[in-house]
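Chemist: Using only what follows, build the 3D model:
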Amino acid sequence: MARREGTTTITDVPEETPAPAPSRHVTLLFAIACGTAVANVYFAQPLLVTLGRDFAMGPATVGAVVTLTQIGYGLGLFFLVPLGDLVDRRRLVVTQSLLLAAALAAVGTAATAPVLLGTMAAVGFLAVVTQTLVAFAASLTGPDRRGRVVGQVTSGVVIGILLARTVSGALADLAGWRSVYLTSAAVTLALTLALYRLLPRHGGPRASMGYGRLLRSTIALFAREPVFRVRALLAMLVFAAFSTLWSCVALPLSAAPLSLSHTAIGAFGLVGAAGALAAAPAGRLHDRGLGQWTTGTALVLLAASWLPLAFTRQSLWALAIGAVVLDLAVQAVHVTNQSLIYALRPDAGSRLIGGYMIFYSIGSATGALASTAVHAVAGWNGVCVLGGAISLLALVLWAVTRRGARRT
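Modeler: Predicted structure coming up:
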């Protein structure tokens, strides 16, 4: 079947009829593998002070650890994830996972700051195996249950992001920061073996084009599909708000009068994980045709979450409540977004998911940089104003585009 997207003509293999859904244990493996891979992007956040001390890096330089990892992730989304539409997804997943394990081992044994920064960027670049797995799971599922499966797998992603801080802080307190990355390398190798044994060989249709045309078609899809554009921009904003909280919350928690340890700071990831689990029904709501309602409700909750978060320094309960609400809202929007955009062109699922997640990465990196900069100038209250403003902007974007779609 031939399609013209922008100036690029694309010939796609017709989509194979998917199975009703992967089995429960395969879906669970997808979720665990996704969560483990994406956690590597966030392990460094509670370790920045320690990394700065060990590698003699100032506050401005050590912040590049997070930024370079996110930049690597963004590059991987554009250059690696679309390959899922071109080659066997099982082989792609296994290859990326093996390379990711090697990059993690390199981080854990880094001796100089340049090596640390370079290997962190490599970890981000290869951790996009997460999105290859999300597209893989979607391709194995019929449209009537796709939202549910994508929701379950994406729950693993968000829980991995949040528990990354808990695991990282605990391991760093017990055995030093290097143990975080060496342990992750070993776990990644074990999961690679399980993926090799359990995943089917053919995860969806393959595009009949060269690699260059494949990348150009990703850009063409963004230009052609308005739903893709709106949902990508929403992802950028909601994950900027998400990163505004989680990239900066360690600063008020580690400072006086709270002065919490790595483990205690990381434990708040468990609180956020509860919110992510609570949002799991978002996929089922999408399957029932309630995707827009879910998005609007979640964005209202996202904006409201910054009210209790503003009282973090006075009450850790306020932080817990705000974190649960924020993570529930972000997860609900994220699941709905991915379900909607995959349905646009299942034959281009990897390109759609990869392109969408580029905006996620841009939002995460921007939120991390902006929140630390604002905290240096205006403290935690300034960070909460920033997060609330980003959340309200996302709500306005959804409302305006929703009204425009209704008029059309």
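
Chemist: I'd like to know the average pLDDT value across stretch 172-189.
Modeler: Averaging pLDDT along stretch 172-189 yields 95.

Chemist: Would you mark the buried spots in it?
Modeler: Neighbour-count burial for stretch 172-189 flags 172-173, 177, 180-185, 187-189 (criterion: 16 or more other Cβ atoms under 10 Å). Backbone N, C-alpha and C define where each C-beta goes, glycine included.

Chemist: Next: stretch 140-152.
Modeler: Neighbour counts over stretch 140-152 (16+ other Cβ under 10 Å) mark 140-141, 145-152 as buried.

Chemist: next one: stretch 310-317
Modeler: Neighbour counts over stretch 310-317 (16+ other Cβ under 10 Å) mark 310-313, 316 as buried.

Chemist: can you redo those as a markdown table with distance to S391?
Modeler: Formatted as a markdown table, the buried residues of stretch 310-317 follow (distance: Cβ to Cβ, whole Å):
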| residue | distance to S391 |
| --- | --- |
| A310 | 13 |
| F311 | 17 |
| T312 | 16 |
| R313 | 20 |
| L316 | 22 |
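
Chemist: Kindly indicate which of those lies nearest R231.
Modeler: A310 (28.9 Å; Cβ to Cβ).

Chemist: so which strand or helix has I161?
Modeler: Counting by DSSP states H and E, the element that carries I161 is helix 146-175.

Chemist: Remind me what that helix packs against, helices and strands.
Modeler: Applying 3 or more Cβ pairs under 8 Å, 6 or more residues apart in numbering; DSSP states H and E, one finds that helix 146-175 contacts helix 24-39, helix 129-139, helix 177-198, helix 226-246, helix 262-278, helix 282-287, helix 316-344.

Chemist: which of these has the lowest average pLDDT?
Modeler: Among these, helix 262-278 scores lowest, at a mean of 70.

Chemist: Quick check: which of the helices and strands packed on helix 146-175 is nearest to L369?
Modeler: Between L369 and the helices and strands packed on helix 146-175, the tightest spacing by Cβ to Cβ is seen for helix 226-246, at 9.0 Å.

Chemist: Could you list the low-confidence segments of the stretch 1-150 of the chain?
Modeler: Along the stretch 1-150 of the chain, segments meeting pLDDT under 70 span 1-21, 59-60.

Chemist: can you give me the helices in it?
Modeler: For the stretch 1-150 of the chain, applying DSSP state H, counting those that start in this stretch gives helices covering 24-39, 48-54, 59-79, 89-108, 113-126, 129-139, 146-175.

Chemist: tell me the most buried of those helices?
Modeler: Highest mean neighbour count of those: helix 129-139, a mean of 28 (counted as mean count of other Cβ atoms under 10 Å).

Chemist: quick one: it to helix 24-39, angle?
Modeler: Relative orientation of helix 129-139 and helix 24-39, computed by axes from the mean of the first three to the mean of the last three Cα atoms, to 10 degrees: 150 degrees.

Chemist: Mind giving me the packing neighbours of helix 129-139?
Modeler: Helix 129-139 packs on helix 24-39, helix 89-108, helix 146-175, helix 316-344, helix 349-407, going by 3+ Cβ pairs under 8 Å, 6+ apart.
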